[in-house]
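A.B. asks: Need coordinates for the following:
(one chain, ligands or ions: 1)
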Amino acid sequence: MNIEWTKLGFEFLPTKSNIRFTYENGKWGEGCLHNDYKIELSVASNCMHYGQAAFEGLKAFSCKDRKVRIFRPEENARRLNSSLRHLLMPEIPEATFIDAVKTVIRDNIEYVPPYGTGGSLYIRPVVVGTSPQIGISASETYEFIVMVVPVGPYYKGGIKPVEAMIVDDIDRAAPCGTGHTKVAGNYAASLLPSKIAKKHGCAVALFLDSKTHSFIEEFGTSNFMAITPDGRYVTPESPSILPSITNKSLMTIAEDLGIAVERRPVPETELTTFAEVGACGTAVVITPVAKIHHGDKVYAYNTETMGPVLKKLYDRVTGIQYGEIPDTHHWMMEL
Ligand SMILES: Cc1ncc(COP(=O)(O)O)c(C=O)c1O
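C.D. replies: Next up is the predicted model:
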């Protein structure tokens, strides 16, 4: 193992093991650690044809006191179960989820980036329907797998501002939203708009609501947040965006800091009024957005650095995650 911790990005890197649970005969079995990445799957399996699959993403950090802690894993357990209910998949008891996450981290402890390198261990739980079938119905068997990957910044350049693009001129079966509808499942509908955004030099696509195409939903990788010139935190309220645990945490931190939080529909027209715009999520933490392109329109913000309010929020959340400032909300779970 020879990892250059400070050079890590957000890319797959094999680690020692992943943990797997099988659901059959109406119940989840015991977790088993595997030292390979292969899975035997029927070509008729439900997840391959009908996409009965859901996943989560969370992080563990090597803290200042050198203890490894996980950021709010019970929130991911709850959201995964919400995704599973939406997709008619069997729920995973919260204790099983937490235990699986802890077991796989302990077995891969040497892959947790050391404190001070700016990295973290990304944890990816995934559940897939595995029973062979041809008709559209819920699978009878499932695999719940948790794998881990050491990661650095999601967007190259760390917290340097990125550009975003609203992509709505595609001749296609119009996936204008990410199609997540609160479920972290099939992201395939977001791939084409994201590719078009990248072709135009934008790191990320920004989605509008699919009904009116006039309200901001979220980025392909993360929630949308903005700061008004008078210092209010604004983030879209919509039934079809992923309820981000990072955004939820940042709203709590904002309130701690005396910053007013507004969670409400955000029309695209309001983009001209914001002082700072950011993307927030487990993987992107807070990534400042320098410009948003939409056809001929360009909404411009802080192009060189993260704005002062986003920076304050960023410092507070990463300070808690790395154990540098008191975890007053008890978000960090020890291994
Ligand atoms: C589309 C989308 N929105 C939002 C988020 C952020 O959610 P969280 O803060 O729970 O990681 C993610 C995941 O990273 C995502 O993929």
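A.B. asks: any weak-confidence spans in the stretch 51-200 of the chain?
C.D. replies: For the stretch 51-200 of the chain, the stretches with pLDDT under 70 are 169-185.
A.B. asks: which stretches of it form helices?
C.D. replies: Secondary structure of the stretch 51-200 of the chain, counting by DSSP state H, counting those that start in this stretch: helices at 73-86, 94-107, 191-199.
A.B. asks: right, so of those, which gets closest to Met48?
C.D. replies: The closest of the helices of the stretch 51-200 of the chain to Met48 is helix 191-199. By Cβ to Cβ, the value is 17.2 Å. Using the backbone N, CA and C atoms, a C-beta is placed for each residue, glycine as well.
A.B. asks: closest to the ligand out of the helices of the stretch 51-200 of the chain?
C.D. replies: When these are compared by Cβ to the nearest ligand atom, helix 73-86 sits nearest the ligand, at 7.1 Å.
A.B. asks: got the angle between that closest one and helix 94-107?
C.D. replies: 120 degrees (axes from the mean of the first three to the mean of the last three Cα atoms, to 10 degrees).
A.B. asks: Is there any residue in helix 73-86 that contacts the ligand?
C.D. replies: No. Contact of helix 73-86 with the ligand (Cβ under 6 Å from any ligand atom) is absent, the minimum separation being 7.1 Å.
A.B. asks: so what does that helix touch, helix or strand wise?
C.D. replies: strand 53-55, helix 94-107, strand 120-129, helix 245-256 (3 or more Cβ pairs under 8 Å, 6 or more residues apart in numbering; DSSP states H and E).
A.B. asks: I'd like those laid out as a markdown table, including mean neighbour count and distance to the ligand.
C.D. replies: Converted to a markdown table, those look like this (neighbours: other Cβ atoms under 10 Å; distance: least, Cβ to the nearest ligand atom, whole Å):
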| stretch | mean neighbour count | distance to the ligand |
| --- | --- | --- |
| strand 53-55 | 22 | 9 |
| helix 94-107 | 18 | 14 |
| strand 120-129 | 23 | 10 |
| helix 245-256 | 20 | 3 |
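A.B. asks: can these go into CSV with extra columns for distance to Tyr301?
C.D. replies: Output for the helices and strands packed on helix 73-86, formatted as CSV (distance: least, Cβ to Cβ, whole Å):
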stretch, distance to Tyr301
strand 53-55, 31
helix 94-107, 36
strand 120-129, 26
helix 245-256, 17
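A.B. asks: for the ones you listed, which one sits closest to Ala226?
C.D. replies: Nearest to Ala226, of all the helices and strands packed on helix 73-86, is helix 245-256, at 11.7 Å by Cβ to Cβ.
A.B. asks: Show me which residues of the stretch 101-250 of the chain sit near the ligand.
C.D. replies: So far as Cβ under 6 Å from any ligand atom goes, the stretch 101-250 of the chain lies against the ligand at Thr178, His180, Glu218, Thr221, Ser222, Asn223, Leu242, Ser244, Ile245, Thr246, Asn247.
A.B. asks: redo that, cut-off 5 Å
C.D. replies: Counting by Cβ under 5 Å from any ligand atom, the stretch 101-250 of the chain comes close to the ligand at Glu218, Ser222, Asn223, Leu242, Ser244, Ile245, Thr246.
A.B. asks: from these, which is closest to Ser83?
C.D. replies: Using Cβ to Cβ, Leu242 is the member of those that lies nearest Ser83, at 9.4 Å.
A.B. asks: residues near the closest one, how many?
C.D. replies: Residues lying near Leu242 (other Cβ atoms under 10 Å) number 20.
A.B. asks: what's the answer for Ser62, then?
C.D. replies: Ser62, neighbours per other Cβ under 10 Å, totals 22.
A.B. asks: wait, what's in contact with the residue nearest to it when sequence neighbours are not counted?
C.D. replies: Leaving aside its chain neighbours, Ser62 sits nearest to Tyr115 (4.5 Å; criterion: Cβ to Cβ, 6 or more residues apart in numbering). By Cβ atoms under 8 Å, 6 or more residues apart in numbering, the contact list for Tyr115 reads Phe61, Ser62, Cys63, Lys64, Arg66, Tyr322.
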